[in-house]
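Asker: Structure of the sequence below:
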Amino acid sequence: MVLALDGFPVSSASGLVLLRVTERAANGAWVKKTPVTLSLLKQLPKVPRNFRAQQSLVAGGQDIVLRWDGPDTLTYRIQGPDGSSETVAPTLGTTGWQWSPAAGQEPKRDATYTLIATSPGGQQPGYFLTTTVHLRSPEFESVTATTGVHSPWVEGTTDRGRIVFTTQGARIRDAADDLGTLSAAKADVETVTAALVRGRESDAGWIGFPSDGIRVGRGGGSDLGTVTADKISVNGINTQWVGDRDSGKGWVEFPQSGVNVRKGGKQDWGTVAADLADLNGINTKWVQGRTAADGWIEFPASGMNVFQGGAGSRQWGTVAADKADLNDVVTHRAQVKERLTLQGGLSVDNVLETQDGPPRLIVHGRLDAEGEVKADRTVTVTGDLTTLGMLRVQGESRLQGKVNAGAHLSVRNAGAWIMHTNDGKVAINGDLRVHGAFRSDS
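Answerer: A predicted model of the protein is given here:
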C-alpha cells in the first residue's frame, strides 16, 4: 500500500517529523486497528517553487491570494499585470508564503503575476515564476469584437445596471434586479411595448396604455393631462368640453341634450359663426344678422316678431318675400305695391280704402263688406251690384244697365229727398221731366 500526502501540512519548521498513522480494517462487527509511526525529514526548499493562486477562478480581484514555497533568505517581489512590483513583507503563511493585492489595486480582469526572488547580496541570479488568475466578471475599458459577443447578461462596473438577453430580445434591470431605466438621446425601433411612457422629470406628463387606447396624464398622480399638437386626425372624440388654448376664449361643452357654446372661459352663452348650418330645428330666443345694425327676430309665445336693426331696438321691421302662404293676416296696415289678388273672399270689418296706385280692385270670388265701402272717386261695376243693406252714393251715379231694388231706393240731394220707392210706389218730391215717352198701365 502506498500512502500519498499532497498538500498535507506537517510542520512549519525543517527537521525530523513523526507521523502517526492508524490503519483501520473492518468486516461486519469485526474491527481491527493497526497503528503505524512514520518518520519524515522535512527540508526547506532552497529555491522558490510552486507559485500558484489559492483559487485560479475568483469572483472579484479582492479575492486573489497568491501562494508559494521558498526559503526566507531571499527577497520576494510580486510584479502585477501593469508592470509595477511590490516587495512582499517577510512573513510566512501557515503553509508557505502568501500575498494579496492592496485595496484599490485589485485587477478588473484576468491578470498574470510574476514572482521575482533575489538574494540580498545579489551573489545568486534571480528566480522568476508566473501564475494567472481569472475573474468570473472581468471589466474592460473597451471591447472590440469582430464576430460578436456571446453572454447571457452584461453588467455595469459601478452602478451595477444589467442587460439580460432573453429569447425575445433584451431586458434592462437595475442593481436590485428590478426592471431598470434605459436612457438615450434617440431610439429607432419598430414597436414599443410599455405600460407607461413618462417625461424625464418626476412631475412630467405621462401616457398610459389601457385596453381601450391611450390615457394622457400629468404629474405623479392619476390626473388627466393635456395633448398639444398641430393637427389631430381621429374618427371620434369623447370629451366633456373643447376649448381654445387661451383659457379666456370660447369653449364648447357637451351635455346630454346636445352642445352648449360658451364664451370668455365662463358660463356665458357664446356665438356660433358658420357659412352654412343644416339643422332639423333651432330653439332660440331671438335671431339677428351678423352685425348689431341688422334686423332681428324674436319668438314670443304668440308667434314671431320682426324688428329693425340697432342695439335694443324694438321698432317693427319689414318682412320681404316672393310669396307668403298664410291662414290669417292680422295687421294695422297693409300696403300692396302692385296688385292684390284674392281667390276667396275679402272680409273688411271697418273700412277698405284704396290709395294711389292701379285704379282697380279685382275680386274673382265674392267681396263681402259688413261695414261701409267708401270711394272718394268713381266706382265702376260692369256686372251686378247687390246690396243686402243700404247703397248710398254721395256724388254722381251712372247706371248703364238695370237697377233692381228689392226694398227701398232713395235719391237725395243733400238732406232732402228727390225720389224714393217704397211699398210698390214711386214718390217724386219736385218736378218730373220726361224727354221721351211716358207710359202708365193704369
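
Asker: Tell me if I'm right that G161 and D177 touch.
Answerer: No - between G161 and D177 there is no contact under CB atoms under 8 Å: 10.5 Å. Any C-beta I mention is one placed from the backbone N, CA and C, and that applies to glycine too.

Asker: Next up, the contacts around W286.
Answerer: Under the criterion of CB atoms under 8 Å, 6 or more residues apart in numbering, the contact list for W286 reads 296-299.

Asker: ok, so of those, who is nearest L276?
Answerer: L276 lies nearest to I297 out of those, by CB to CB, at 18.9 Å.

Asker: and the closest one, what are its bridge partners?
Answerer: V287, V306 (DSSP bridges).

Asker: Could I get the full set of helices for the stretch 51-200 of the chain?
Answerer: With DSSP state H, counting those that start in this stretch as the criterion, the stretch 51-200 of the chain has no helices.

Asker: quick one: low-confidence parts of it?
Answerer: Filtered on pLDDT under 70, the stretch 51-200 of the chain yields the residue ranges 90-95, 122-124.

Asker: The stretch 1-150 of the chain: strands as residue ranges?
Answerer: If DSSP state E, counting those that start in this stretch is used as the criterion, the strands of the stretch 1-150 of the chain fall at 15-27, 30-42, 49-53, 57-58, 66-69, 75-79, 85-87, 97-99, 111-118, 127-135.

Asker: For the ones you listed, give me CSV that also has mean neighbour count.
Answerer: As requested, those are arranged in CSV below (neighbours: other CB atoms under 10 Å):
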stretch, mean neighbour count
strand 15-27, 10
strand 30-42, 9
strand 49-53, 17
strand 57-58, 15
strand 66-69, 19
strand 75-79, 17
strand 85-87, 12
strand 97-99, 20
strand 111-118, 18
strand 127-135, 16
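
Asker: closest one to L326 among the ones you listed?
Answerer: Closest approach to L326 among those (CB to CB): strand 127-135, 104.4 Å.

Asker: ok so, going back, the more surrounded of G161 and D177?
Answerer: Neighbours per residue, other CB atoms under 10 Å: of G161 and D177, the larger number sits with G161, 16 against 10.

Asker: That one and W153, how far apart?
Answerer: The spacing between G161 and W153, counted by CB to CB, to the nearest Å, is 11 Å.

Asker: got it, and G248?
Answerer: Distance from G248 to W153, by CB to CB: 56 Å.

Asker: what about A194, how many residues close to it?
Answerer: A194 has 9 nearby residues by other CB under 10 Å.

Asker: Just give the closest residue to it, not the sequence neighbours.
Answerer: Spatial nearest neighbour of A194, excluding adjacent residues (CB to CB, 6 or more residues apart in numbering): F209 at 6.9 Å.

Asker: Roughly how far does the one you found sit from I172?
Answerer: Taken as CB to CB, the span from F209 to I172 is 19 Å.

Asker: can you check K285 too?
Answerer: For K285 relative to I172 (CB to CB), the value is 63 Å.

Asker: ok, those two, which is more surrounded?
Answerer: Applying other CB under 10 Å to K285 and I172 shows that I172 carries more neighbours, namely 13 against 8.

Asker: Neighbours of the closest residue to P138 other than its chain neighbours, how many?
Answerer: Take P138 and drop its neighbours on the chain: the residue closest to it by CB to CB, 6+ apart is R109, 3.4 Å away. Counted with other CB under 10 Å, the neighbours of R109 add up to 14.
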